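Asks: pasted the sequence and its predicted model underneath.
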Protein chains: 2
Amino acid sequence: MEAPQSPTTTAAEGKLCEDFAVPSYVEEVKRRMAEFAERHGAAGRRVVLITSGGTKVPLESRTVRFLDNFSSGRRGASSAEYFLDSGYAVIFLHRHRSLYPYTRLYSGINLLDALRSEPEGGRVVVDESALPRITPVLKRYQAVREAGLLLPVEFSTLSEYLHLLKAAAQALSSIGPKAMFYLAAAVSDFYIPASEMPEHKIQSSNGPLQISMKMVPKMLSPLVKNWAPQAFVISFKLETDPSILLERARRALETYKHQVVVANVLDTRRGYVVVVTRDDQHELVLTDEEEQKQVEIEEKIVSNLSASHGQFMGQQR
Amino acid sequence: MEAPQSPTTTAAEGKLCEDFAVPSYVEEVKRRMAEFAERHGAAGRRVVLITSGGTKVPLESRTVRFLDNFSSGRRGASSAEYFLDSGYAVIFLHRHRSLYPYTRLYSGINLLDALRSEPEGGRVVVDESALPRITPVLKRYQAVREAGLLLPVEFSTLSEYLHLLKAAAQALSSIGPKAMFYLAAAVSDFYIPASEMPEHKIQSSNGPLQISMKMVPKMLSPLVKNWAPQAFVISFKLETDPSILLERARRALETYKHQVVVANVLDTRRGYVVVVTRDDQHELVLTDEEEQKQVEIEEKIVSNLSASHGQFMGQQR
């Protein structure tokens, strides 16, 4: 019988080193994130690290099959826009090919359906009826890019995600309470350690498949305790069963001792969330009128959290 | 002990009905595919059904987690272009958001990085250095669209894929040997029947995860025997271990009695394939010079298969 492991920093960090190989580029990305945080911190700006999209968990070393989590990255990408509007600089740690700020507005559109060649002059122009609001959106996107306010970082696998999150937390520690972590990615709870993974594609001729997966170490614990102890940290809790949601959210706050859990249910996540803190819980809802006007719930989430972050920074002084 | 099931038509078709609910829109899509095949068949055109991309296999009814197969859809999307160039009409049965013919050439590019607003006139134009060859590509895309030569059909889950493949096979049966099936999708070999699936998100607090998956019924068998018995059928075999590749390819031909297996190895799949038929095997390789010129292996695959399809049609007369 194995001894039960409490989610202490050492256990989670130990597992990270043991079972997940460090991608070669992590140090370089960490340096860029640290430089980004220092530059904006020095300018008096808050910095939010947003994680977004699902993680890929390989079932074979030379991967043909993998486990994934449902997530388009919509919440992370739209939240990034509202954080930028609220004056934050944003590190956008997202799954490769998941939705991206601003560009997400056109994600369902085939690029070639939105272009036409001019008969004269030979230029290719955008059909603006196919890309609604393209002029102001492009302007905003370019302004953000020129001001250097958005740093995109990509991951695909769970292992990449975990190491980049650690690097980001350490990179942001220099700006103390000005840093916010907005952990909206849909991270797998399960994985197969490299040592237990078959090298080659699993053969279907061997019959039905039994998969045995270990639990992913909870990085929130070392993040809050060791890597970025002064930061304002928000995690997300997604459930399909509303009856267990708030209890799970409260339990997460007690276990990891961070500041906020944004709790939501799969079916209603675009119109209803509960912002849970140690002493409080606050429902955010889109009214029918707001839904008709295409107001997004992320605007309310970001507004709520930005205010709490301000109070939090005041208390740390 | 269960009796061993041979891959007879009845067994595979039975499983399809039992374990995979029919999506409501299948009949409508089938009608459109049949109309497409008849129109082009009547014009003397061959029709290829290309399947492309990976299938999603849910682990929960209200799905948060799923199993997926590695596939960008690159091979299917580029092959579609070469089939169109060879005079085929194409039904493109592809995974939602996988690569798409022509548009695939710009898949790594953020749309908003490729546009600029004109200072005067207020129009938005394409920066052609960001979208190489956009003018001829757009022209070709529009010509294909205007001629009605490409019918896109989307799937996400394994279940959708299986039912749409069956519908496509039945829809194409009316044009007999003029129909080609080019089954390049990366279809899961394993699934969890709806009856054995938990309704809600699997809780990580319950400890490590054991997943038990059944084998997906092999649709190639009823496709060749019952649904489209006169068609020219190509399946793909992807392995990571080169030493077992050709034996697996030959075994597939013997089991399913179709015409061709295109065999390839994960690491070298963009530059080397073996086209395996009952009496022959033919290697297709990109030379260094061709790779430098960005020739694609799919051009050679399609040219080879198009010729064999012509011979096949001759023999059926």
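Replies: Here it is on my side, so go on.
Asks: just checking, A:V48 is part of a strand?
Replies: Yes: per DSSP: H, G, I helix; E, B strand; the rest coil, A:V48 lies within a strand segment.
Asks: what bridges to it?
Replies: Assessed by DSSP bridges, A:V48 has beta-bridge partners A:V90, A:M180.
Asks: so which elements touch the lengthiest helix in chain A?
Replies: Taking DSSP state H as the criterion, chain A has its longest helix at helix A:297-316. On a contact count with 3 or more CB pairs under 8 Å, 6 or more residues apart in numbering or on different chains; DSSP states H and E, helix A:297-316 meets helix A:74-85, strand A:179-183, strand A:232-239, strand A:260-265, strand A:272-276, strand A:281-285. (Glycine included, C-beta is placed from N, CA and C.)
Asks: at 7 Å what do you get?
Replies: Secondary-structure packing of helix A:297-316 (3 or more CB pairs under 7 Å, 6 or more residues apart in numbering or on different chains; DSSP states H and E): helix A:74-85, strand A:232-239, strand A:260-265, strand A:272-276, strand A:281-285.
Asks: give the buried residues for the last one.
Replies: Of the residues in strand A:281-285, those with enough neighbours to count as buried (16 or more other CB atoms under 10 Å in any protein chain shown) are A:L284.
Asks: swap in stretch A:241-253?
Replies: In stretch A:241-253, counting by 16+ other CB under 10 Å, buried: A:245-246, A:248-250, A:252-253.
Asks: next step: the residues you listed restricted to strands.
Replies: Of the buried residues of stretch A:241-253, none are assigned to strands by DSSP state E.
Asks: hang on, the earlier thing: including distance to chain B and mean pLDDT, could the helices and strands packed on helix A:297-316 go into CSV?
Replies: Listed next are those as CSV, based on distance: least, CB to the nearest CB, whole Å; pLDDT from 0 to 100:
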stretch, distance to chain B, mean pLDDT
helix A:74-85, 12, 98
strand A:232-239, 6, 94
strand A:260-265, 10, 94
strand A:272-276, 16, 95
strand A:281-285, 21, 94
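Asks: who wins for proximity to B:K30 among those?
Replies: Comparison of the helices and strands packed on helix A:297-316 against B:K30 by CB to CB identifies helix A:74-85 as nearest, at 31.6 Å.
Asks: mind listing what's buried in that closest one?
Replies: Across helix A:74-85, burial judged by 16+ other CB under 10 Å covers A:74-84.
Asks: from the buried residues of stretch A:241-253, which is closest to chain B?
Replies: Nearest to chain B, judged by CB to the nearest CB, of these is A:R248 at 8.3 Å.
Asks: show me what contacts the closest residue to that closest one other than its chain neighbours?
Replies: Spatial nearest neighbour of A:R248, chain neighbours left out: A:K237 (5.6 Å); criterion: CB to CB, 6 or more residues apart in numbering or on different chains. Listed by CB atoms under 7 Å, 6 or more residues apart in numbering or on different chains, the contact partners of A:K237 are A:245, A:248-249, A:252, A:261, A:263.
Asks: quick check: bridge partners of A:K237?
Replies: Beta-bridge partners of A:K237, as defined by DSSP bridges: A:A263.
Asks: on that earlier part again, what comes into contact with the longest helix of chain A?
Replies: Residues outside helix A:297-316 that contact it (CB under 7 Å, 6+ apart) are A:46, A:75, A:78-79, A:82-83, A:86, A:177-178, A:180, A:230, A:232, A:234, A:259-260, A:262, A:270-271, A:273, A:275, A:282, A:284, A:286.
Asks: list the buried residues for it?
Replies: A:297-302, A:304-306, A:308-309, A:312-313.
Asks: please apply the same query to stretch A:210-219.
Replies: In stretch A:210-219, counting by 16+ other CB under 10 Å, buried: A:211, A:213-219.
Asks: so how far is that stretch off the chain centroid?
Replies: 20 Å (CA atoms, centre = their mean, to the nearest Å).
Asks: hey, C-alpha coordinates of it in CSV?
Replies: Output in CSV follows, covering the C-alpha atoms of stretch A:210-219 (Å, rounded to 0.1, in the frame of the first residue of the first chain):
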residue,chain,number,x,y,z
GLN,A,210,-7.3,-0.9,-21.0
ILE,A,211,-5.8,2.4,-20.1
SER,A,212,-4.6,3.1,-16.6
MET,A,213,-3.9,6.7,-15.8
LYS,A,214,-2.2,8.5,-12.9
MET,A,215,-3.4,11.7,-11.3
VAL,A,216,-1.8,14.9,-12.5
PRO,A,217,0.0,16.8,-9.7
LYS,A,218,-1.9,19.9,-8.6
MET,A,219,0.4,22.8,-9.6
